[in-house]
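Enquirer: pasting a predicted model and its sequence here:
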Amino acid sequence: MESTAGETEMEVVTDMGMDSDEEGMGVSSVSVTGGLRRRPRTIRESSDNESQHPSDEAFIDDDDDAFEAEEYVDSDDELELTDVRPKPKVMADKFKHLIWNNKFTLVLLVILVALLIVAGILIWDHWDWEAWVTVATLIVVIIGLAKDVADPDVVLLGGVILLMTLKIIEPEEGLEGFSDSTVFAVAVLLAMAKGIEKTGTLDLLSRYLLRQPRNVLFAQLMLLPMVGGLSGILNNTPVVAMLIPVVLKWSRRADNIPASKLLIPLSYASILGGTLTLIGTSTNLVVQGLAEDECPNLDIPFFEIAYVGFPNLGIGLVYMFIFSRWLLPADRSSGSDTYSKNPREYTVGVQIKKGSTVVNKTIEKAGLRHLPGLYIIEIQHASGEIVPAPSSDTILQENDILMFAGVLDSVDELLRLDRHLVPATKQTEKLGPSRGAGKRVLVEVVLAPYSPVVGHTVRESGFRNRYQAAIIAVHRYGTRIRQKIGDIELAGGDALLLETTRAFMDNYRSDQHFALVSELGAGVSRKFNWFKILIATASALTMVAVNAAGLLSLAAAAGAALYIMLIFGCLTVSDARSAIRPTVVITIAAAFGLANALDVTGVGETIGNNLVDLFEPLGSIGIMFAIYITTAVLSSVISNAAAVALMFAVAWPIIESGLLSQKAGIYTLMFAASAAFSTPIGYQTNLMVVGPGGYHFFDFLKFGLPLQLLIGVSSVILTWVFFDDVDNVCC
């Protein structure tokens with residue numbers, strides 16, 4: 001839909017779609033007269049095949065028996081539809097469509113198979129069938145993770161089960177990760193982070209430490225070092241989630257502080273901060289667990305990684321302070337002249353219901369002409385007439401659909417003006433209490449790449465029934481989506497504007513299928529329970545101190561701290577359970593099994609020997625660069641935990657050969673797995689800021705790739721300087 005007010009970067013179409021049972025229905029022939037123009041139209045199936053009123057197009061329910069036809073309308077609005085009947089499903093066409101959609105994956109698979117055949121003939125001729133099956137399984141797992149065919153835990157655990165079924169690895173080896181103390185520690189730390197979040201400790205810090213800044217540089221100086229420090233102790237996901245609303249508030253209050261200059265740096269600072277301590281990221285703990293399994297006497301101190309992590313954080317902060325000015329996009333003020341340039345803005349259809357105070361009033365008298373950050377770009381009258389760029393004296397009528405363009409918070413304020421102004425979708429009517437009762441809210445969510453609805457259209461996914469929430473807007477990397485909502489195929493990183501009930505926030509705030517869940521218009525003020533804040537903070541700091549001093553293992557210290565928080569009510573058992581995300585825990589545990597398979601079959605050792613042959617002339621630092629680059633590339637397409645576990649099986653034989661020190665190899669893996677700056681899908685926090693910042697995919701590449709190269713070089717050189725000469729304990 002085009003508008004004289006300018007094209008938007010993201011379009012919302014108020015279509016309810018049709019039930020998935022009606023797939024394949026269509027029009028087989030259409031007869032028309034006059035000059036033709038084509039537009040899609042939804043008509044309801046009835047006994048006499050008569051079309052509905054044109055205004056019904058926006059209100060067809062996806063639970064009703066409806067199907068789509070093509071409407072060809074001439075200049076005289078004459079239309080004749082003939083031979084309207086179901087179009088049969090053709091399996092051959094579906095198969096061709098499947099092949100075409102996955103053509104790049106198939107090409108990659110063919111290339112990999114060819115390379116394996118060549119390598120098998122020329123290099124790896126000593127491998128037995130177990131090694132080849134392991135490699136084939138590994139390839140399928142990597143492609144499955146890269147294509148998000150299922151949740152990471154499902155793909156990885158499937159590979160482990162296959163290898164156990166074929167008796168390539170024993171159950172004790174395949175399931176070793178589930179009994180590893182590292183996996184337990186990761187789960188407990190997730191629950192502890194939830195407790196700190198629930199007590200309001202993070203909100204307290206933001207309230208008293210983050211005052212309204214004067215400009216972008218001052219905002220970055222206040223925000224980024226604090227984020228880096230917190231991320232060294234806490235899971236960075238709640239840290240970033242807590243600070244996104246703070247940044248958006250700064251941006252709304254001051255025109256010279258665009259959110260787009262702060263949100264990507266916010267994510268990057270949290271990633272860099274995760275390399276300050278052993279518990280900063282789960283990948284650090286995965287490497288530690290794998291190393292201790294191979295060498296029980298190996299000691300990896302809590303803060304030792306900071307020898308490299310702290311300089312890296314400083315280098316990253318200086319880079320962001322300087323280059324964010326030129327390499328990150330600037331926000332644009334809202335208004336008809338700049339609206340098309342601001343990807344953060346939405347287009348939403350609002351219907352005027354019976355009883356609304358704006359019925360039979362002009363746009364001006366209804367108070368809809370000068371809404372802050374919001375304006376009407378089109379009116380669809382109930383009669384079917386469409387009025388683009390309506391004037392201020394246009395009369396509003398019952399059942400009119402007003403197409404508003406504006407920023408997200410303004411959309412929420414609009415729907416609060418009059419409870420008879422509702423999103424133009426019948427799905428919202430099925431959600432229960434009205435917005436007027438204060439029980440329905442607008443929520444913005446960002447889809448995680450492995451969400452079960454990714455890869456399906458809104459209609460096919462059954463989103464409303466699954467989550468009890470109606471999608472009223474979609475935003476994707478600043479790209480305008482021209483399809484009806486029911487036909488939009490959802491992708492990881494999509495920002496969805498939902499109308500739902502308040503229960504949605506409680507049920508899905510910590511759900512792993514959403515990278516971010518944020519309620520619009522929710523107040524940030526809250527009452528603090530100082531006693532619980534003190535208990536939560538003291539528990540976390542004591543855990544760090546006890547583990548750093550070597551008095552208790554991380555698993556024991558974290559477990560004790562969590563139980564103290566539970567006893568004193570910092571969080572409930574239900575909160576703790578919801579915070580322990582099964583996908584994360586199972587992914588890490590299954591990665592241990594695949595790493596064992598590479599070790600048992602000798603595949604990891606062979607690949608490691610090949611890397612040594614290629615890079616040994618450059619010395620140990622050349623081998624470290626090879627490990628770093630391979631791990632970083634692998635982490636950009638599959639989960640960080642899986643990538644680092646697989647690469648550990650390659651790196652450890654090199655360490656055992658004496659060509660690389662244990663600490664140098666271990667820390668190289670840790671830093672490489674956290675180098676996720678050049679794509680939004682490489683790290684959870686990157687996905688979280690895409691929607692709020694209105695970023696394009698290219699924004700991450702332009703700003704993140706130089707940082708990735710800079711941190712890569714810095715990590716390898718500093719690790720080589722500090723740890724290359726450290727004696728190995730077990731080798």
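Expert: In hand now; what should we look at?

Enquirer: when you work out contacts or count neighbours from here on, use the C-alpha atoms and nothing else.
Expert: Fine.

Enquirer: against residue 491, how distant is residue 199?
Expert: In this view, residue 199 and residue 491 are 34 Å apart by C-alpha to C-alpha, to the nearest Å.

Enquirer: tell me which of those two has more neighbours.
Expert: Neighbours were tallied for residue 199 and for residue 491 using other C-alpha atoms under 10 Å; the higher tally belongs to residue 199 (25 against 19).

Enquirer: what sits against the more buried one?
Expert: 528-529, 532-533, 536, 570-571 (C-alpha atoms under 8 Å, 6 or more residues apart in numbering).

Enquirer: buried ones among those residues?
Expert: Buried by 16 or more other C-alpha atoms under 10 Å: 532-533, 536, 570-571, out of those.

Enquirer: now for the top helix by length along the chain, which elements pack on it?
Expert: Counting residues, the longest helix in the chain under DSSP state H turns out to be helix 697-723. On a contact count with 3 or more C-alpha pairs under 8 Å, 6 or more residues apart in numbering; DSSP states H and E, helix 697-723 meets helix 306-327, helix 620-637, helix 662-673.

Enquirer: out of the ones you listed, which gets the lowest mean score?
Expert: The stretch with the lowest average pLDDT out of the helices and strands packed on helix 697-723 is helix 620-637, scoring a mean of 90.

Enquirer: contact partners of it?
Expert: 145-146, 611-612, 615-616, 642-644, 647, 651, 659-660, 664-665, 668-669, 671-676, 679, 681-682, 712, 716-717, 720, 724.

Enquirer: filter the residues you listed to the buried ones?
Expert: 145-146, 611-612, 615, 642-644, 647, 651, 659-660, 664-665, 668-669, 671-676, 679, 681-682, 712, 716-717, 720, 724.

Enquirer: in the chain, which spans are strands?
Expert: 25-31, 37-44, 66-73, 80-86, 346-352, 374-380, 386-388, 401-406, 421-423, 440-447, 469-475, 495-501, 514-519 (DSSP state E).

Enquirer: send the alpha carbons of the fifth one over as CSV?
Expert: Taking C-alpha atoms only, strand 346-352 is exported to CSV below (Å, rounded to 0.1, in the frame of the first residue of the first chain):
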residue,chain,number,x,y,z
TYR,A,346,5.0,1.2,12.4
THR,A,347,1.9,1.3,10.2
VAL,A,348,-1.2,0.1,12.1
GLY,A,349,-4.8,-0.2,11.1
VAL,A,350,-7.3,0.9,13.7
GLN,A,351,-11.1,0.4,13.4
ILE,A,352,-13.7,2.7,14.7
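
Enquirer: so where's the stretch 251-400 of the chain uncertain?
Expert: 331-347, 372-375 (pLDDT under 70).

Enquirer: and the chain, by the same measure?
Expert: 1-126, 331-347, 372-375, 405-417, 425-440, 478-483, 520-527, 731.

Enquirer: gap between residue 139 and residue 669?
Expert: 21 Å.

Enquirer: again with residue 361
Expert: Relative to residue 669, and taking C-alpha to C-alpha, residue 361 is found at 66 Å.

Enquirer: quick check: phi and psi at residue 275.
Expert: phi -100, psi 20 (degrees, to the nearest 10).

Enquirer: what does the one 4 residues further on give?
Expert: Backbone dihedrals for residue 279, given as degrees, to the nearest 10, come out at phi -100, psi 10.

Enquirer: which ones are touching it?
Expert: Per C-alpha under 8 Å, 6+ apart, neighbours of residue 279: 232-234, 285, 302.

Enquirer: let's see 7 Å
Expert: 232-233, 285 (C-alpha atoms under 7 Å, 6 or more residues apart in numbering).

Enquirer: residue 590 contacts residue 158, doesn't it?
Expert: No: with contact defined as C-alpha atoms under 7 Å, residue 590 does not count as touching residue 158 (8.8 Å).

Enquirer: what about these two, which has more around it?
Expert: residue 590 (29 against 15).

Enquirer: chain neighbours aside, what residue packs nearest to that one?
Expert: Excluding the flanking residues, the one nearest residue 590 by C-alpha to C-alpha, 6 or more residues apart in numbering is residue 157, at 5.3 Å.

Enquirer: before we move on, what about residue 474?
Expert: residue 496 (4.7 Å).

Enquirer: so what's the one you found bridging to?
Expert: residue 445, residue 474 (DSSP bridges).

Enquirer: tally of neighbours for residue 583?
Expert: What residue 583 shows, counting by other C-alpha under 10 Å, is a neighbour count of 16.

Enquirer: could you list the alpha-carbon positions for stretch 241-256 in PDB?
Expert: Extracted in PDB, the C-alpha atoms of stretch 241-256 (Å, rounded to 0.1, in the frame of the first residue of the first chain):
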ATOM      1  CA  ALA A 241      16.700  -6.300  28.600                       C
ATOM      2  CA  MET A 242      16.700  -4.000  31.600                       C
ATOM      3  CA  LEU A 243      18.600  -1.200  29.900                       C
ATOM      4  CA  ILE A 244      16.800  -1.100  26.600                       C
ATOM      5  CA  PRO A 245      13.900   0.900  28.100                       C
ATOM      6  CA  VAL A 246      16.300   3.300  29.700                       C
ATOM      7  CA  VAL A 247      18.000   4.000  26.400                       C
ATOM      8  CA  LEU A 248      14.600   4.500  24.600                       C
ATOM      9  CA  LYS A 249      13.600   6.900  27.400                       C
ATOM     10  CA  TRP A 250      16.800   8.900  26.900                       C
ATOM     11  CA  SER A 251      16.100   9.100  23.200                       C
ATOM     12  CA  ARG A 252      12.500  10.300  23.600                       C
ATOM     13  CA  ARG A 253      13.600  13.100  26.000                       C
ATOM     14  CA  ALA A 254      16.400  14.400  23.800                       C
ATOM     15  CA  ASP A 255      16.600  14.700  20.000                       C
ATOM     16  CA  ASN A 256      20.400  14.600  20.100                       C
END
